[in-house]
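> Turn this into a structure:
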Amino acid sequence: MSDRFNTTAGWTLFSGIVLLGLSAVSSRYFHADKEQRPEKMGYEIAGVVQEGEGGKAAEPIEVLLAKADLAKGQKVFAKCASCHSIEQGGAAGLGPNLYGTLGANVGSHAFAYSDALKGKGGKWDWANMDAWLTNPATYAPGTKMSFAGLSDGQERANLLVFLNSKGSNLPLPAAPAAAAPAAEGDAAKAPAEAAKEAPKAK
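You can find the predicted model right below:
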């Protein structure tokens with residue numbers, strides 16, 4: 001009886017050791033204990049900052065427009081072509097014809113715009129169109145346009161110069177001048193000069 005018990009206990013202990021070993025091997029093989037994330041996400045989500053980009057300041061649209069590529073913008077427009085035409089005299093589709101849109105009043109083309117967009121007012125200048133293309137739902141909450149927007153600033157700039165070439169031809173806005181960093185000598189000299197100019201107490 002004692003031998004039978006010892007045999008059963010031995011096999012049970014051996015089975016446990018085998019299972020523990022298999023678990024350790026499979027964990028190493030499949031990296032089951034590590035968080036896995038693709039190098040490139042399947043699609044971008046508007047408003048979500050990717051790893052490593054938290055401290056990166058976005059370039060102003062004026063800077064991006066200065067290096068925009070019209071041919072690339074035409075390719076970007078393929079994302080819009082299912083709803084919009086852009087040639088002069090083109091018919092409206094799910095969205096309005098976009099010929100001559102830049103510089104025009106918001107909601108001024110022949111189309112049944114949503115109240116959200118009609119109520120915006122103003123013109124489709126570079127800044128407004130950039131904001132609209134970034135996220136239409138944020139720019140005009142309640143808009144009928146279901147397009148999620150273009151999160152890449154250079155992609156938007158490329159599209160903007162293409163739109164501009166279709167009946168608008170607005171001059172590109174001037175890029176903001178970069179602020180010159182203060183020299184270390186100037187920073188040290190400033191308090192001394194201020195002390196000299198301060199009136200002496202009588």
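> Grab the nearest non-local neighbour of Met145.
Distances taken as Cβ to Cβ, 6 or more residues apart in numbering place Pro136 nearest to Met145, at 4.6 Å, with adjacent residues excluded. C-beta here means a position set from N, CA and C on the backbone, and glycine is covered the same way.
> Quick check: that neighbour vs Ala92, distance?
17 Å (Cβ to Cβ, to the nearest Å).
> and what of Thr143?
Taken as Cβ to Cβ, the span from Thr143 to Ala92 is 16 Å.
> Compare those two and say which one has the larger neighbour count.
It is Thr143, of Thr143 and Ala92, that has more neighbours when counted by other Cβ atoms under 10 Å, with 18 against 15.
> Go ahead and confirm Trp126 touches Ala174.
No. Contact criterion Cβ atoms under 8 Å: Trp126 and Ala174 do not qualify, at 10.9 Å.
> Between the two, tell me which one has more neighbours.
Neighbours per residue (other Cβ under 10 Å) separate Trp126 from Ala174, with Trp126 holding more: 20 against 9.
> dump the residue contacts of that one.
Taking Cβ atoms under 8 Å, 6 or more residues apart in numbering, we find Trp126 in contact with Ile61, Glu62, Leu65, Leu102, Leu160, Leu170, Leu172, Pro173.
> same thing with Asn105?
Going by Cβ under 8 Å, 6+ apart, Asn105 touches Gly121, Gly122, Lys123, Trp124.
> do Lys123 as well
Lys123 neighbours (Cβ under 8 Å, 6+ apart): Gly103, Ala104, Asn105, Val106.
> and the first one, how many residues sit next to it?
Burial of Gly103 is recorded as 15 neighbouring residues (other Cβ under 10 Å).
> how close does it get to Ala81?
Separation of Gly103 from Ala81 (Cβ to Cβ): 22 Å.
> returning to what we had before: quick one: which of the contacts of Asn105 is nearest to Ile86?
Taking Cβ to Cβ as the measure, Ile86 lies nearest Trp124 of those, at 13.6 Å.
> just checking, the closest one touches Gly107?
No. Counting by Cβ under 8 Å, Trp124 stays clear of Gly107, with 9.4 Å between them.
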